[in-house]
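Engineer: The sequence and its predicted three-dimensional model are supplied below.
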Amino acid sequence: MVVRSALVAASQSSAMKTAATSTPLTKSVARRFVAGESSLDAVQVAADLASAGLHCTIEHLGPEVTDPASADAAVAAYLRLLEGLQAADLLDRSELSIKASDLGLDLDGGAQIALANGRRIAQAAADLGTLVTFDMEAYQTVDPTLSLFEELRSEFEQTGIVVQAYLRRTEVDCQRLAKTTARVRLVKGAFDESADVAFQTSQEIDLSYVRSLKTLMAGTGIPLIATHDPRLIEIASALAVRTPRERSAYEFQMLYGVRPEEQKRLAALGEKVRVYVPYGPQWYPYLVRRMAEKPANLALFVRALAGRG
């Protein structure tokens, strides 16, 4: 947890960000996990994944939203992305992942701003026949993000939501969501929260993940099983057989650049596998959060910073 806390702090460090983003080698490391900086880069990766039998969910990594104008810019980025996916005939293989903060949730009057902006994107996606999933952020944003999701899902039924197993509240959230037809992406989580709201050990988080997964798999929604952990993948596969669930009623999700051969293996078995593909200029915080989730990736990043990558 000490390494994870240090990495989360590093993701917020302007000095570390400047050092990393100005070094060509770290950019090359980032390309293992990030599609690139433009929507064209994201569309190309989506096409490559589709040719390998994989689906994708794409998130824009843009500048921090500090006013309504920057929230509008984030919306515009997603609308351009949809246009690119449509032009490449990839809408049946792609969906969007969006953070509520990018829609203006943290601004004064943010709930209404985010709702209006989320509605613009969800409507555009629905018009083209694709989907939107709302990502989850730090603990204090959970309730506002769930409220945004529920409001938009009342208009766009296929809207999805992310829940994080490391939070103590998530099992209760899953019990409620499992009674709906919602698409629910279950992740472990990569933020640094206090012990009163979050589990602190890998074992506790894994056990929470399994309990939440069992609840979702037994429910009426569509579980989106976001993990690279072989044990959790095995448990999820067993639960799908035991429940039973058709393969169209759940899917596995993994990060771009992480265990690509496992992604292809599962797809070859007939599983639906969706790859989370981030793109955009603000890739540094995302990259460091990936280090926090799996500190073994840190050595690769440090070598690049030192000029030895």
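Structural biologist: Looks like it came in fine.

Engineer: What sits closest to residue 215 if chain neighbours are left out?
Structural biologist: With sequence-adjacent residues excluded and distances taken as CB to CB, 6 or more residues apart in numbering, residue 215 is closest to residue 174, at 4.5 Å. The C-beta positions use only the backbone N, C-alpha and C, and glycine is treated the same way.

Engineer: er, residue 84 actually
Structural biologist: The nearest residue in space to residue 84 (CB to CB, 6+ apart) is residue 43, at 4.4 Å.

Engineer: okay, now that neighbour: neighbour count?
Structural biologist: 24 (other CB atoms under 10 Å).

Engineer: same check, this time on residue 244
Structural biologist: Counted by other CB under 10 Å, the residues lying close to residue 244 total 9.

Engineer: Tell me, what's the model's pLDDT at the closest residue to residue 182 other than its chain neighbours?
Structural biologist: Distances taken as CB to CB, 6+ apart place residue 221 nearest to residue 182, at 4.6 Å, with adjacent residues excluded. Residue 221 carries a pLDDT value of 96.

Engineer: ok, now which ones touch residue 221?
Structural biologist: When contacts are counted by CB atoms under 8 Å, 6 or more residues apart in numbering, residue 221 touches 177-178, 180-184.

Engineer: distance of it from residue 160?
Structural biologist: With distances defined as CB to CB, to the nearest Å, the gap from residue 221 to residue 160 amounts to 9 Å.

Engineer: do the same with residue 48
Structural biologist: Taking CB to CB, one finds residue 48 at 23 Å from residue 160.

Engineer: ok, now which ones touch residue 78?
Structural biologist: The contact partners of residue 78, by CB under 8 Å, 6+ apart, come to 60, 96, 98, 121, 124.

Engineer: In TSV: those, plus neighbour count.
Structural biologist: Compiled in TSV, these are given as follows (neighbours: other CB atoms under 10 Å):
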residue	neighbour count
60	24
96	24
98	26
121	23
124	17
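
Engineer: Wait, the residue nearest to residue 84 touches residue 89, no?
Structural biologist: No: counting by CB atoms under 8 Å, residue 43 stays clear of residue 89, with 10.4 Å between them.

Engineer: Skip the chain neighbours and tell me the closest residue to residue 50.
Structural biologist: Of all residues beyond its chain neighbours, the one nearest residue 50 is residue 93 (4.5 Å), with distances taken as CB to CB, 6+ apart.

Engineer: How are the helices of the stretch 1-150 of the chain distributed by residue range?
Structural biologist: Read by DSSP state H, counting those that start in this stretch, the stretch 1-150 of the chain holds these helices, from start to end of the chain: 2-11, 14-21, 24-30, 39-51, 68-87, 110-128, 142-153.

Engineer: Where does pLDDT dip in this protein?
Structural biologist: Low-confidence segments of the chain (pLDDT under 70): 1-28, 291-309.

Engineer: hmm, back to that, in PyMOL, how would I select just the buried ones from the contacts of residue 221?
Structural biologist: Applied in PyMOL, the following selects the buried portion of those according to 16 or more other CB atoms under 10 Å:
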select buried, resi 177+178+182+183+184
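
Engineer: In strands, which of the contacts of residue 221 fall?
Structural biologist: 183-184 (DSSP state E).

Engineer: Reformat the contacts of residue 221 as JSON lines; add distance to residue 251.
Structural biologist: Written out in JSON lines, the entries for those read as follows (distance: CB to CB, whole Å):
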{"residue": "177", "distance to residue 251": "16"}
{"residue": "178", "distance to residue 251": "16"}
{"residue": "180", "distance to residue 251": "17"}
{"residue": "181", "distance to residue 251": "15"}
{"residue": "182", "distance to residue 251": "14"}
{"residue": "183", "distance to residue 251": "9"}
{"residue": "184", "distance to residue 251": "11"}
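
Engineer: from the contacts of residue 221, which single one is nearest residue 242?
Structural biologist: residue 178 (15.6 Å; CB to CB).

Engineer: For the closest residue to that closest one other than its chain neighbours, the count of nearby residues, please.
Structural biologist: Among residues not flanking residue 178 along the chain, residue 219 sits closest, at 2.7 Å (CB to CB, 6+ apart). Number of residues near residue 219 (other CB under 10 Å) recorded here: 20.

Engineer: what's the answer for residue 196, then?
Structural biologist: By other CB under 10 Å, 7 other residues sit near residue 196.
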